[in-house]
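Trainee: 3D model of this:
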Amino acid sequence: MATFANTASAGEKIGVIVVDIQGDFTTYKKGSMAVAGSDQAFVEKVEKTTLMLKEKGYPIFATQDWHPAEHVSFYINHAGKKPFEVIQLEGRTQVLWPPHCVQNTPNAEILLDNNLFFAIVQKGKDRRYDSYSGFQDDGGFKTEMDQTLKNNGIQELIVYGIATDYCVKATAIDAVDAGYKVTVVEGLSKGVALDTTAGVLEEMKAKGIILVKELQ
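Mentor: Numbering: from 1, shown residues only. Prediction:
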C-alpha cells in the first residue's frame with residue numbers, strides 16, 4: 001500500500017484525476033457498458049478515498065464521457081454492425097460500443113459527490129470522434145484539461161477510475177506526454193478485460209507511469 005508521500009516527488013504540486021465514474025460503466029447502476037467489479041462497494045471506496053485526498057488538500061478533477069446520441073462509437077449508428085465490432089473509420093480504428101453516457105441521461109452522471117471536484121472535464125462531445133483520454137479526442141482536438149491543470153500549477157497527477165485498459169490508460173499516457181509525472185492507482189480502477197488490462201499496465205510502466213495498488 002503506497003502512502004501519499006511516495007507517489008510523487010517532494011515539492012511538486014499534485015492533482016488527482018478521477019476517470020469516468022459514471023453509471024453506464026458500473027455494475028452498481030446496471031450500466032450498458034458495466035465493467036466487472038464496479039459494484040456499489042467499489043464506487044464507495046473510490047468516493048471515500050477521493051474525499052480523503054480532497055481533505056488533504058489535493059485538487060480533484062474528473063473526466064466525464066458526454067456523448068451525443070448520434071455518436072460515432074455507438075454500433076446502432078452503423079447499419080448492420082454489432083456491439084464490440086472493430087471497424088476502420090477515416091484511417092482510425094474504431095471499436096463500436098453499446099450506446100453509453102448519452103448527454104443528459106441518468107447513467108451519464110458521475111456517481112461521486114460533484115462537490116469533490118475542482119473541475120469536471122467532459123469528453124466525447126463531438127459526434128465524429130471517440131475520446132478515451134481526458135486530454136484529447138481521437139481527432140486530436142484538445143479538452144480544457146491540460147490548461148486547467150497548468151493554470152492551477154499541477155505538475156504531478158494521481159489517476160484512477162474506469163476503465164483501466166481504456167480511459168484510465170489513455171488519460172495517464174496523454175498526461176505523461178504533456179509533461180506530468182503520473183501515478184495510477186490499480187485498486188481504485190477497474191479494467192474491461194484481464195488480458196488487455198495486464199498488457200496496459202506494462203505499457204504504462206514502459207511510459208514511466210508509477211503503478212500502486214492502493215493509497216493510504
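Trainee: Low-confidence bits of this structure, can you list those?
Mentor: The chain contains residues with pLDDT under 70 at 1-11.
Trainee: 50 instead?
Mentor: For the chain, the stretches flagged by pLDDT under 50 are 1, 5, 8, 10.
Trainee: Give me the helices and strands touching the biggest helix by length in it, please.
Mentor: Criterion DSSP state H: the longest helix present in the chain is helix 40-55. Counting contacts by 3 or more Cβ pairs under 8 Å, 6 or more residues apart in numbering; DSSP states H and E, helix 40-55 is packed against strand 14-19, strand 60-65, strand 156-161. Where C-beta positions appear, they are placed from N, C-alpha and C, glycine not excepted.
Trainee: how about the ones you listed, which one is nearest residue 179?
Mentor: Residue 179 sits nearest to strand 156-161 of all the helices and strands packed on helix 40-55, at 10.3 Å, using Cβ to Cβ.
Trainee: all strands for this protein, in order.
Mentor: Ranges of strands in the chain, per DSSP state E, are 14-19, 60-65, 86-89, 92-95, 119-123, 156-161, 181-185, 210-212.
Trainee: Export those strands as CSV, with columns for distance to residue 204 and mean neighbour count.
Mentor: CSV is the format used below for the strands of the chain (distance: least, Cβ to Cβ, whole Å; neighbours: other Cβ atoms under 10 Å):
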stretch, distance to residue 204, mean neighbour count
strand 14-19, 13, 26
strand 60-65, 17, 25
strand 86-89, 22, 12
strand 92-95, 20, 13
strand 119-123, 19, 19
strand 156-161, 10, 25
strand 181-185, 6, 23
strand 210-212, 7, 18
